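Engineer: Compute the structure for the input listed below.
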Amino acid sequence: MTTTQWIILICLTLGTVFFVLRKYVITPFKPTLLKAKQGNADAQYQIGLFYYSGKYTSKDVNQAFSWFDRAAQQGNAKAQNALAGLYNAGQGCTKDAAKAFYWYQTAAQTGDFEARVNLAACYLRGIGTEKNEAKGFELMKKAADDKSPLAQTLTADLYEKGIGIEKNSEQALKYYLLAAEQGEPMAKEKIKKMRSN
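Structural biologist: Coordinates of the predicted model:
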């Protein structure tokens, strides 16, 4: 073999070894699990994500639910939102709209954008609470005004359809544009459709 061929072979071998080490040996799962077992809420949330997605471990929604619950009880807003989603879908637990609403509301009180959007959706659809489109719109608009691109897109959609508020295509376009400026793909599509009509 030539020197070039040897170099290529060594690089390929090292690359393969690095890939195997990174995928199967050097993962954040074990150190994160250790922190989670010691009571670290952020680590508990992360372990819940690992189990939910199957990243670095086998997928197990029951384990995900358990870890999200531990972190949620300690006040981790992202875990509270994730736990609410599992209750809403009945994954890793019995479906319970009232508990989903409770955890969305708890997480939303911390200012978590995703939880605020989900809480607004609960009011808009009557999930775990009485349906109240005006309250759902109000919550969604507050999250939109706090610069959440998803909430801006959904607020625009509510203006466009007249849900919880009177129809207003100018306000719809305004919120779609705000969301599009932040790169929200759904807003960009809506703007194209509005401009083509």
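
Engineer: Can you give the domain ranges for this structure?
Structural biologist: Listed by automatic domain parsing, the domain ranges of the chain are 29-119, 132-197.

Engineer: Once you drop chain neighbours, what's closest to the residue most central in space within the chain?
Structural biologist: Centroid-nearest residue in the chain, with C-alpha atoms, centre = their mean: residue 114, separated by 6.2 Å. Of all residues not flanking residue 114 in the chain, residue 81 sits nearest, at 5.4 Å (C-beta to C-beta, 6 or more residues apart in numbering). Glycine gets a C-beta too; all of them are placed from N, C-alpha and C.

Engineer: for the one you found, what are its contacts?
Structural biologist: 103, 104, 107, 112, 114, 115, 118 (C-beta atoms under 8 Å, 6 or more residues apart in numbering).

Engineer: From residue 95, how far off is it?
Structural biologist: For residue 81, the distance to residue 95 (C-beta to C-beta, to the nearest Å) stands at 17 Å.

Engineer: Equivalent analysis for residue 113, please.
Structural biologist: 25 Å.

Engineer: where's the closest residue to residue 55 other than its chain neighbours, which helix or strand?
Structural biologist: Distances taken as C-beta to C-beta, 6+ apart place residue 49 nearest to residue 55, at 7.4 Å, with adjacent residues excluded. In the assignment (DSSP states H and E), residue 49 maps to helix 41-53.

Engineer: Next up, phi/psi of residue 84, please.
Structural biologist: Taking degrees, to the nearest 10, you get phi -60, psi -40 for the backbone angles of residue 84.

Engineer: now residue 2
Structural biologist: Given degrees, to the nearest 10, the pair of backbone angles that residue 2 has is phi -80, psi 170.

Engineer: if I pick it, what's in contact with it?
Structural biologist: Applying C-beta under 8 Å, 6+ apart, no residues qualify as near residue 2.

Engineer: just residue 121 next, same as before
Structural biologist: 127, 136.

Engineer: Ok, residue 46 next?
Structural biologist: 28, 32, 36.

Engineer: Any figure for the gap between it and residue 78?
Structural biologist: 9 Å.

Engineer: re earlier: among the domains of the chain, which is the most enclosed?
Structural biologist: domain 29-119 (a mean of 19; mean count of other C-beta atoms under 10 Å).

Engineer: does the residue nearest to residue 55 really touch residue 63, like I thought?
Structural biologist: No - in this structure, residue 49 is not within contact of residue 63 by C-beta atoms under 8 Å, at 11.0 Å.

Engineer: still on that earlier bit, where's the residue nearest to residue 114, which helix or strand?
Structural biologist: helix 77-89.

Engineer: That helix: what's the following helix or strand?
Structural biologist: helix 97-108.

Engineer: same for that next one, what does it pack against?
Structural biologist: helix 77-89, helix 113-125 (3 or more C-beta pairs under 8 Å, 6 or more residues apart in numbering; DSSP states H and E).

Engineer: Now do the last one and helix 77-89, the angle between them.
Structural biologist: Meaning helix 113-125. 30 degrees (axes from the mean of the first three to the mean of the last three C-alpha atoms, to 10 degrees).
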